[in-house]
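**Q** Turn this into a model:
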Amino acid sequence: MKWLSRFSFHRRLQYTFLILILLPFVVVTFWSYTSVRENVSEKIARSNEETLKVIGSQMEKTVDSISFVSVYFSEAYDPAVLESLRYLKNTGSFGNYGVYTHYNKLKTTANILSVQSLDADLQIMLVNRENRILIGNQNIPVFSVLPENLLKESSRLDEREKVSLQWFPYGGTPAAPDYYYAVRFITDPLNQDKLATLYVGIPSHYFRSLLDTGNAVSRLTLVDQKGRSIAVTGEAAPADEGPLLASEVRIPKVGWLLTSKTPRSSIDSHINREFLVSISLIGLFFLAFLVLSMLWAGYMNKPISLLRASVKQYVGGNRAVRIPVKGKDEVAVLSAAFNQMLEDMNGLLQQVESEQEEKRRLELQALAAQIRPHFLLNTLNSIKVDLLLSGDPAHGAMIDALMKLLRVYVHVDKPLELAEECRVLGSYVQVMQIRNRLDIVWECKVGEEEGAVMLPRLLLQPIVENAISHGFSARPDHPSIRLEAAFESDLLRISISDNGRGMPEDKLQRLNRRLQGSEDTALWPEKGVGLVNTARRLQVLYGYRARLSAQAKEDEEGMTFTLYIPVTREKEAVPLDDPDADRR
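**A** Sure, this is the predicted structure:
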């Protein structure tokens, strides 16, 4: 072995690798060829079985989602859902507002539950006793009649079974149905009266996507407990293909049987072809790969190790870490890009932290007006009743207006429809005019579509308060406040006008600069705080397009404050106020 001393350590390392790896590789290659053919089939069989287990596990999750939806409706965990099912059990159309209200309750619940099974693209239908579809997919009209073929198939089920799901195929061919439905009959827990039937259909493409393993020679079949075909992928092997590798897995929760069959001849031919190709390629590239890997390993490992260490430091909290950039190769470009990404991330984190802090401060200011003790509402309600019984409707109306405001303050963190906000402002004006002994005329001109837009509570109250406190400080003869709302493209414009004393031009310009954030509020800390907070709250909640501006009336005294809010035209029918707050 002395001849090895003539070579460098690096060369000796290379020669050692050649001797210790190449020679054993040649010996093992010929030995492994004789055993691979016997072992691969067994491994493929086990692999197919594991694949079937994974597919079966995914199907069990889908079945669990369907069971959860059915149990939620049938076991009446939500009294509101049970009440809606009772109300709609014989309904055939939107005949009154009650039908609409109960339908919305069921729809809201169904939308929440459907999130459990978005990946499976399930078709969920809730059908009442008149075979009218209460809840279905978007392409199914409400209160439409259940398809006759589906009704015929489901009529064969046992309506006395109210605990377990019942399954049946529907549509398509017997070998490949379009849907495989799960049905559960929903009954009233009090009198066992039938309320509705829940249909949950699993589409055929869901089964095909699960059974598609990418192996064209394998045939996967799924059958139910009765032997009926649910889904099939792959082609049946000809009779002359010889023996088959078969694997099967049963899904215990529903009793389905999932099988896989692969011709053994296709496996043998594939092994021979891949083995010869592999041996040829490995023989050609082994030496070249060994030499190049030894040369490049040390050169490439150093900058990559540095990059990995820098990433760990940044994840650990060191935001100041940066990678030294040397040269112009790919690693240098990657290092420069990584440094720029760290800079961008730091800037983004600072911006997010600043915005969150500003939002938290504004929300705390809004929450400062919140009044939570409900005993105060109960006390005011008792005073109102005593005043009305004693023949004092004026003060009773004042107490009633004050109670409405207190209810709003209790839920100040929840949004409110613009129409309801107008009614709250009316109550506020009523209280303020009694407090200030002013006969204020309050007008609110809001259309049905504009009135349905959801806004933060008490967003407009500082503007009305400013009109009463400052605009009417000179006590005009006929004070009035008017609110108008209209859509301008995708913006909602809300104008609040008064006939108060107005504002000089220089002060008006200064106020608008403060509302736009272009003037430091510290110069005038005691003036216009409510208006400035409203403008900043708009920008935090709705972005840069939202704004508040002030204008003086052209032909008469007074001011007009205009809000522009980007909104969508979708109406949310979820009630966010609590009408029983005074009874808690």
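
**Q** CA only for contacts and neighbour counts going forward, please
**A** Will do.

**Q** Can you list the strands that the helix or strand hosting Thr560 pairs with?
**A** Using DSSP states H and E, Thr560 sits in strand 559-566. In the sheet, strand 559-566 lines up against strand 491-498 (antiparallel), strand 547-552 (antiparallel) (DSSP bridges).

**Q** so which of those comes closest to Val163?
**A** Nearest to Val163, of all these, is strand 491-498, at 51.0 Å by Cα to Cα.

**Q** got the contact list for the closest one?
**A** Residues outside strand 491-498 that contact it (Cα atoms under 8 Å, 6 or more residues apart in numbering): 450, 463-464, 467, 471, 479-487, 558-567.

**Q** Also stretch 156-173?
**A** With Cα under 8 Å, 6+ apart as the criterion, stretch 156-173 contacts 67, 150, 153-154, 177-187, 230.

**Q** I'd like the strands paired with strand 559-566 as TSV, with mean pLDDT appended.
**A** Shown next, in TSV, are these (pLDDT from 0 to 100):
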stretch	mean pLDDT
strand 491-498	94
strand 547-552	92
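
**Q** right, so of those, which gets closest to Leu88?
**A** Among the strands paired with strand 559-566, strand 491-498 sits nearest to Leu88 (Cα to Cα), with 36.7 Å.

**Q** Restrict the closest one to CA atoms and write it as PDB.
**A** Extracted in PDB, the C-alpha atoms of strand 491-498 (Å, rounded to 0.1, in the frame of the first residue of the first chain):
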ATOM      1  CA  LEU A 491     -68.500  53.900  -2.900                       C
ATOM      2  CA  LEU A 492     -71.300  54.800  -0.400                       C
ATOM      3  CA  ARG A 493     -71.600  58.500   0.100                       C
ATOM      4  CA  ILE A 494     -73.200  59.700   3.400                       C
ATOM      5  CA  SER A 495     -73.900  63.400   3.800                       C
ATOM      6  CA  ILE A 496     -74.900  65.000   7.100                       C
ATOM      7  CA  SER A 497     -76.000  68.600   6.900                       C
ATOM      8  CA  ASP A 498     -77.100  71.200   9.500                       C
END
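
**Q** And that strand, what's buried?
**A** Across strand 491-498, burial judged by 16 or more other Cα atoms under 10 Å covers Leu491, Leu492, Arg493, Ile494, Ser495, Ile496, Ser497, Asp498.

**Q** how many other residues sit next to Arg308?
**A** The tally of other residues near Arg308 (other Cα atoms under 10 Å) stands at 10.

**Q** secondary structure element for it?
**A** helix 264-315.

**Q** After that helix, which helix or strand is next?
**A** The first helix or strand that comes after helix 264-315 along the chain, using DSSP H and E, is helix 330-367.

**Q** what's that next one packed up against?
**A** helix 264-315, helix 529-542 (3 or more Cα pairs under 8 Å, 6 or more residues apart in numbering; DSSP states H and E).

**Q** Determine the angle, from 0 to 180 degrees, between that helix and helix 529-542.
**A** On the basis of axes from the mean of the first three to the mean of the last three Cα atoms, to 10 degrees, helix 330-367 is oriented at 140 degrees to helix 529-542.

**Q** For helix 330-367, what is the distance to the chain centroid?
**A** In terms of Cα atoms, centre = their mean, to the nearest Å, the centre of helix 330-367 is found 24 Å from the chain centre.

**Q** And stretch 511-520, by the same measure?
**A** Using Cα atoms, centre = their mean, the offset of stretch 511-520 from its chain centre is 37 Å.

**Q** Pull out the buried positions in that stretch.
**A** So for stretch 511-520, counting by 16+ other Cα under 10 Å, buried means Leu511, Asn512, Arg513, Arg514, Leu515.

**Q** what's next to it, contact-wise?
**A** Stretch 511-520 is contacted from outside by Arg510, Thr521, Gly528, Leu531, Val532, Ala535, Arg536, Arg547, Leu548, Ser549, Ala550, using Cα under 8 Å, 6+ apart.

**Q** Tell me the confidence at the fifth one?
**A** So that's Val532. At Val532, the model reports a pLDDT of 89.

**Q** Give me the nearest residue to it, chain neighbours excluded.
**A** Leu515 (5.3 Å; Cα to Cα, 6 or more residues apart in numbering).

**Q** Check the last one too.
**A** Using Cα to Cα, 6+ apart and skipping the chain neighbours, the partner closest in space to Ala550 is Phe561 (4.5 Å).

**Q** ok, what's across the strand from the one you found?
**A** The residues listed as beta-bridge partners of Phe561 by DSSP bridges are Ile496, Ala550.

**Q** could you flag which of the contacts of stretch 511-520 are buried?
**A** The neighbour-count test (16+ other Cα under 10 Å) marks Thr521, Gly528, Leu531, Val532, Ala535, Arg536, Arg547, Leu548, Ser549, Ala550 as buried among these.

**Q** on that earlier part again, thinking the residue nearest to Ala550 is in contact with Ala535, fair?
**A** No. Judged on Cα atoms under 8 Å, Phe561 makes no contact with Ala535 at a distance of 11.0 Å.

**Q** Now do the shared contacts for those two.
**A** With Cα under 8 Å, 6+ apart as the test, Phe561 and Ala535 both reach Leu548.

**Q** Run through the strands of the stretch 101-250 of the chain in chain order.
**A** Here the stretch 101-250 of the chain has its strands, by DSSP state E, counting those that start in this stretch, at 123-128, 133-135, 166-170, 179-187, 194-203, 219-223, 229-233, 244-251.

**Q** Please render these as CSV that adds distance to Arg361 to the earlier fields.
**A** What follows is the strands of the stretch 101-250 of the chain, written out as CSV (distance: least, Cα to Cα, whole Å):
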stretch, distance to Arg361
strand 123-128, 44
strand 133-135, 43
strand 166-170, 55
strand 179-187, 49
strand 194-203, 47
strand 219-223, 59
strand 229-233, 58
strand 244-251, 54
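
**Q** just these: most buried one?
**A** strand 133-135 (a mean of 25; mean count of other Cα atoms under 10 Å).

**Q** And that one, how far out from the chain middle?
**A** Offset of strand 133-135 from its chain centre (Cα atoms, centre = their mean): 23 Å.

**Q** same check, this time on stretch 466-481
**A** Worked out by Cα atoms, centre = their mean, stretch 466-481 lies 47 Å from the chain centre.

**Q** Would you work out how far apart the start and end of it are?
**A** End-to-end span of stretch 466-481 (Cα to Cα, to the nearest Å): 11 Å.

**Q** try stretch 174-181
**A** Stretch 174-181: ends 14 Å apart by Cα to Cα.

**Q** Same question for stretch 148-168.
**A** Using Cα to Cα, the span of stretch 148-168 from its first residue to its last is 15 Å.

**Q** Save the buried residues of strand 491-498 as JSON lines, and put in distance to Leu425 too.
**A** Output for these, formatted as JSON lines (distance: Cα to Cα, whole Å):
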{"residue": "Leu491", "distance to Leu425": "22"}
{"residue": "Leu492", "distance to Leu425": "18"}
{"residue": "Arg493", "distance to Leu425": "17"}
{"residue": "Ile494", "distance to Leu425": "14"}
{"residue": "Ser495", "distance to Leu425": "14"}
{"residue": "Ile496", "distance to Leu425": "11"}
{"residue": "Ser497", "distance to Leu425": "14"}
{"residue": "Asp498", "distance to Leu425": "14"}
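
**Q** Relative to Val26, which of those is nearest.
**A** The closest of these to Val26 turns out to be Leu491 (Cα to Cα; 75.7 Å).

**Q** Just give the closest residue to that closest one, not the sequence neighbours.
**A** That would be Pro566: by Cα to Cα, 6+ apart, it lies 4.4 Å from Leu491.

**Q** picking up where we left off before, adding distance to Leu52 and mean pLDDT, write the strands of the stretch 101-250 of the chain out as CSV.
**A** CSV is the format used below for the strands of the stretch 101-250 of the chain (distance: least, Cα to Cα, whole Å; pLDDT from 0 to 100):
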stretch, distance to Leu52, mean pLDDT
strand 123-128, 25, 84
strand 133-135, 34, 83
strand 166-170, 21, 87
strand 179-187, 19, 87
strand 194-203, 19, 86
strand 219-223, 9, 86
strand 229-233, 13, 85
strand 244-251, 6, 84
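
**Q** Sweet, I'm off.
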